[in-house]
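In: Just the structure for this:
(one chain, ligands or ions: 1)
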Amino acid sequence: MDIEKILVVGAGLMGSGIAQVAAQSGYHVILNDTKREFVDRGLNNIIKQLDSQVKKEKITPIDRDATIGRIQQSANLEDGRDANFVIEAVFEDLETKKGIYRKLDSVCRKGVIFASNTSSIPITTLASGTSRPENFIGLHFFSPVPVMRLVEIIRGLKTSGETVEITEKIAARMKKESVRVKDVPGFLVNRVNAAFRAEVYQCLLEGVASLEDIDKAIKLGLNHPMGPFELGDFVGLEIGLSVFKTLYDGYKDPKFRPALILEKLVQSGDLGKKTGKGWYDYSSGERKPRTDIVF
Ligand SMILES: NC(=O)c1ccc[n+]([C@@H]2O[C@H](COP(=O)([O-])OP(=O)(O)OC[C@H]3O[C@@H](n4cnc5c(N)ncnc54)[C@H](O)[C@@H]3O)[C@@H](O)[C@H]2O)c1
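Out: Here you go, the predicted structure:
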């Protein structure tokens, strides 16, 4: 099956990144969100990214314009009726995702593959809410999508071999390296990363070093491009928390028990960079240590 038109549902951090790489790989993309203003925000982010690539002479202005020309904006899922592949990247909330898949099931033709970018919801659970579990798959990108080279490809219990192969081809055309991962809680990268972060939170709790020094140490000592707290703020604390909850529920292993401070931050609405505060304070426009709470 030749895939040419991809519907991306959710134009947030991940959805806009996915739409960008898909359009840069020559796919026609329908970028959908609940409101036109959210789609506009997603498209503006893409334009900013492309402009910076033009500035760095990685692409030409003609490439940029052609990429933008391949992205159709949509605030109505019905616009996706001609798509032959769907990538869903909406809020990490089971009910929201289930509602979208119910609708997509009636909008999209039989055989169209649904790929979820979920970080933590079992693919088999999402697939069971559709009439096409054989055409349902996990396609887990990493943030920032245009930069990170990996995707995890997660096969649900009933995902067909053909669905896996088509998805791998799409990932390759988007210049991503893929790994096949079982549909287990946290998949692979988030599971390993959560175990590491649990240790980081424990060090913070014990006062082994300050939050800023932990970030500095991990960056310089382990050569990570971002410290764990910086990265947590970039990704969104609610996403990190939902990964811990999934892992804890799934494995019942105390090492995955969500850290109380992480739960409190999420409860207070401090979700990281996007809300202005998380582990750090971004309200001045720069990343600064928080002075209003003691970790
Ligand atoms: N943030 C990360 O680093 C990261 C990494 C890998 C996977 N993920 C996963 O990607 C998904 C999206 O995460 P994000 O960080 O982009 O979130 P986000 O909050 O930036 O964006 C979510 C978008 O979904 C939209 N949305 C909500 N309900 C919708 C609906 N019914 N129809 C269409 N759009 C709808 C919202 O308006 C919003 O624009 C989640 O499942 C998350 O777990 C996130």
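In: Could you identify the helix or strand that succeeds the helix or strand of the chain with the lowest mean pLDDT?
Out: Each helix and strand of the chain was given a mean pLDDT (mean pLDDT, DSSP states H and E); the minimum falls on helix 237-251 at a mean of 94. From helix 237-251 onward toward the C-terminus, using DSSP states H and E, the following helix or strand is helix 260-267.
In: and that following helix, does that touch the ligand?
Out: No: Helix 260-267 lies apart from the ligand when judged by CB under 6 Å from any ligand atom; the minimum separation is 13.2 Å. (Each C-beta comes from the backbone N, C-alpha and C, glycine too.)
In: who touches that helix?
Out: The set of residues that contact helix 260-267 without belonging to it, under CB atoms under 8 Å, 6 or more residues apart in numbering, is 201, 204-205, 237-238, 240-241, 244, 271, 278-279, 295.
In: Pick the one among the residues you listed closest to residue 193.
Out: Residue 193 lies nearest to residue 240 out of the contacts of helix 260-267, by CB to CB, at 9.2 Å.
In: give the contact list for that closest one.
Out: Going by CB under 8 Å, 6+ apart, residue 240 touches 197, 232, 262.
In: Run a quick neighbour tally on the second one.
Out: One way to gauge burial is a neighbour count; for residue 232, by other CB atoms under 10 Å, it gives 26.
In: next SSE after the helix ranked longest in the chain?
Out: For the chain, the helix reaching the highest residue count under DSSP state H is reported as helix 36-55. Scanning forward in sequence from helix 36-55, with DSSP H and E defining helices and strands, the next element found is helix 61-69.
In: Now that following helix - C-alpha only, PDB.
Out: Once side chains and other backbone atoms are set aside, the C-alpha atoms of helix 61-69 remain, and they are given as PDB (Å, rounded to 0.1, in the frame of the first residue of the first chain):
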ATOM      1  CA  PRO A  61      13.600  28.600   1.300                       C
ATOM      2  CA  ILE A  62      12.100  26.600  -1.500                       C
ATOM      3  CA  ASP A  63      12.200  23.400   0.600                       C
ATOM      4  CA  ARG A  64      10.600  25.400   3.500                       C
ATOM      5  CA  ASP A  65       7.800  26.600   1.400                       C
ATOM      6  CA  ALA A  66       7.200  23.200  -0.200                       C
ATOM      7  CA  THR A  67       7.100  21.600   3.300                       C
ATOM      8  CA  ILE A  68       4.600  24.200   4.500                       C
ATOM      9  CA  GLY A  69       2.500  23.700   1.400                       C
END
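In: which residues touch that helix?
Out: Contacting residues not belonging to helix 61-69 are listed as 20, 23-24, 43, 46-47, 50-51, 53-54, 59 [CB under 8 Å, 6+ apart].
In: now that helix, how far from the chain's geometric center?
Out: Averaging C-alpha positions (CA atoms, centre = their mean, to the nearest Å) puts helix 61-69 24 Å from its chain's average.
In: following it, which helix or strand comes up?
Out: Scanning forward in sequence from helix 61-69, with DSSP H and E defining helices and strands, the next element found is strand 71-74.
In: Just grab the bridge partners of residue 153 for me.
Out: Under DSSP bridges, the beta-bridge partners of residue 153 are residue 139, residue 180.
In: right, and it touches residue 179 too?
Out: Yes: the criterion here is CB atoms under 8 Å, and residue 153 meets it with residue 179 at 6.9 Å.
In: higher neighbour count, these two?
Out: When residue 153 and residue 179 are compared on other CB under 10 Å, the one with more neighbours turns out to be residue 153, at 23 against 14.
In: check contacts around the more buried one.
Out: With contacts defined as CB under 8 Å, 6+ apart, residue 153 is in contact with 137-140, 164, 167-168, 171, 178-181.
In: Tabulate the residues you listed (JSON lines), appending distance to the ligand.
Out: Formatted as JSON lines, the contacts of residue 153 follow (distance: CB to the nearest ligand atom, whole Å):
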{"residue": "137", "distance to the ligand": "14"}
{"residue": "138", "distance to the ligand": "10"}
{"residue": "139", "distance to the ligand": "10"}
{"residue": "140", "distance to the ligand": "6"}
{"residue": "164", "distance to the ligand": "19"}
{"residue": "167", "distance to the ligand": "16"}
{"residue": "168", "distance to the ligand": "18"}
{"residue": "171", "distance to the ligand": "14"}
{"residue": "178", "distance to the ligand": "14"}
{"residue": "179", "distance to the ligand": "14"}
{"residue": "180", "distance to the ligand": "17"}
{"residue": "181", "distance to the ligand": "13"}
